[in-house]
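Q: Sequence plus the predicted model coming up.
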Amino acid sequence: MNNRSRLCWGILGAARINERLMPAIVDASNSRLVAIASRRAGAAAETLAKYAPQQQSVRAYDSLDALLDDAEVEAVYLPLANHEHAEWTLRAVQRGKHVLCEKPMALTVPDIEAIEAAARQHKVVVVEGFMYRFHPQHARVQELIRSGIIGEVRSVRASYSFMMRPARLYRLAESVERGGGAMWDIGPYAIHSARMCFDSAPLAVTAMAKYVESGADITTSGIIDFGEGRRAHFDISFECARRSEYDITGTKGGVKCHTVWAMPGDVPIISWWTEDGQRGEERLGTANHFNLEIEHFSDCVLTGKAPVLSLEDAKTNCQTIVASLQSAAQGRVVKLAERL
Ligand SMILES: NC(=O)c1ccc[n+]([C@@H]2O[C@H](COP(=O)([O-])OP(=O)(O)OC[C@H]3O[C@@H](n4cnc5c(N)ncnc54)[C@H](OP(=O)(O)O)[C@@H]3O)[C@@H](O)[C@H]2O)c1
C-alpha cells in the first residue's frame, strides 16, 4: 500500500493513552503517523520515543497549534483532558482536519452541535473515540439478540469500575463541571454500552453519586428509562474492583459480555442462557479494538464511508451523562426531552 492510500495522522497531546493509540496508528495498514504535539517542552518527543521508538521521521512539536498548522496532517487523534476536548476538536476542524476525539467528546450537547456544524462546513469526519465498540464481541452480542434467543430486551446492567491508583488521582482533582470524576471518565462507557442494547433513545434518568472534596464523583449509580418498562441500570466507581461488563436480560433469557476493556491478548467471553435451560459460553478470537478503531476511521476518511459512531450518537450519550449528573446533584428524575 503506498502513502496515498494511507491517512496521515497527528496526535494532539502527550497523554498516557498514547501507549495504546500510537502503536495502533503506526500499525494500521491504511494510516501513517506524521506528527505529535504537546504543550510541555520535550513531552511529545519523549512520548514518541517511549511508544513508537522506530518512528524517527515523525515530527514532535512543543505546541498544539504547530501541529494544526502542519499541512501534511490530515487527521488528528485528540487525547487531551476531558474539558479540553470540545475546544480543540473545534479548532482542528476549523483548520480542515478530520478528528478522532477521545470520549467524552464534550461536556455539553451545544458544544457537539457546534462541532457538527463546523464539520459540515469544512467537510471533515469527526468521531467520538469509543474504541470498545470496534471489538467483534459486541457484534456477536447483537447477533444473539437478533436471533431471538433471549426474547425482547427488557433490562441491562452495565458495570464499570477499578480502584483508583494514587498516580491517577488527578482524575478526581477537577469537579464534574470541569470534566473530572467517574461519570465523565468511565460513565461514557456505561451509558454507551447500555444504549447499544436498546433500539431507541433514553427518555429519562435517575442517579445517585458520592462526591469527593473537589466536586468530582467517585461512585455513581443510576437507572435509565428507555420506555415501556425497559431499563438500564448502571454503576460506575473508582473504589470498586475492576469490572467492565454488561449483562442483558430479555423476556426469554440473557446474555453477558464479560470484559468490555479487553486487552489485545485477552480471550473475550460471551455467555448466555435461556429460561428453558440452554446455556452457552463462547470464547471468541482475540482482537485489538484500538487497531480496529483507527483502521475504521482511516477507511471512512479515505473511502467516504459513514463512520459507525455518528455525532448524533455522541449527542445522545452526552445528554444522558449530563442528565445523570443533574439527577444526582438535584435528587430528582431528569427527563431527556428537557433542554440540558
Ligand atoms: N480509549 C481508552 O481506552 C481510554 C483510556 C484512558 C483514557 N481515555 C481518554 O483519553 C483522554 C486522555 O486520558 P489520559 O489518562 O491518557 O490523560 P493524561 O495522561 O492525563 O493526558 C491528558 C493531557 O494532559 C496533559 N498532561 C499529561 N501529563 C501531564 C503532566 N504530567 N502534567 C501536565 N499535563 C499533563 C497532556 O497535554 P499536553 O501534552 O499538551 O501537556 C495530555 O494530552 C481522556 O479524555 C480519557 O477519557 C481513553
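A: That came in fine, so what should we check first? Just so we're clear, the structure is a prediction, and the values are computed from it rather than from any experiment.
Q: Could you check how far the closest residue to the ligand within the stretch 151-300 of the chain is from Ala216?
A: Using C-beta to the nearest ligand atom, the closest approach of the stretch 151-300 of the chain to the ligand is made by Asp185 at 5.5 Å. In short, each C-beta sits where N, CA and C put it, glycine included. Asp185 sits 9 Å away from Ala216, going by C-beta to C-beta, to the nearest Å.
Q: tell me the mean pLDDT over the helix or strand hosting Glu87?
A: Per DSSP states H and E: Glu87 is located in helix 85-94. Computed over helix 85-94, the mean pLDDT rounds to 98.
Q: ok, and for stretch 6-19, which residues are buried?
A: If you call a residue buried by 16 or more other C-beta atoms under 10 Å, then stretch 6-19 has these buried ones: Arg6, Leu7, Cys8, Trp9, Gly10, Ile11, Leu12, Gly13, Ala14, Ala15, Asn18.
Q: Could you look up the SS state of Ala207?
A: Under DSSP: H, G, I helix; E, B strand; the rest coil, Ala207 falls in the strand class.
Q: And the helices in the stretch 1-150 of the chain, which stretches?
A: Using DSSP state H, counting those that start in this stretch, the helices of the stretch 1-150 of the chain run over 18-27, 43-51, 64-68, 85-94, 109-122, 136-146.
Q: Out of those helices, which gets nearest to Ile294?
A: helix 18-27 (4.6 Å; C-beta to C-beta).
Q: helices and strands around the helix holding Glu87, which ones?
A: Packing partners of helix 85-94 (3 or more C-beta pairs under 8 Å, 6 or more residues apart in numbering; DSSP states H and E): helix 64-68, strand 75-78, strand 98-102, helix 109-122.
Q: Of these, which is nearest the ligand?
A: Smallest distance to the ligand across these (C-beta to the nearest ligand atom): 3.7 Å, for strand 98-102.
Q: angle of that closest one against helix 109-122?
A: Taking axes from the mean of the first three to the mean of the last three C-alpha atoms, to 10 degrees, one finds strand 98-102 and helix 109-122 inclined to each other by 160 degrees.
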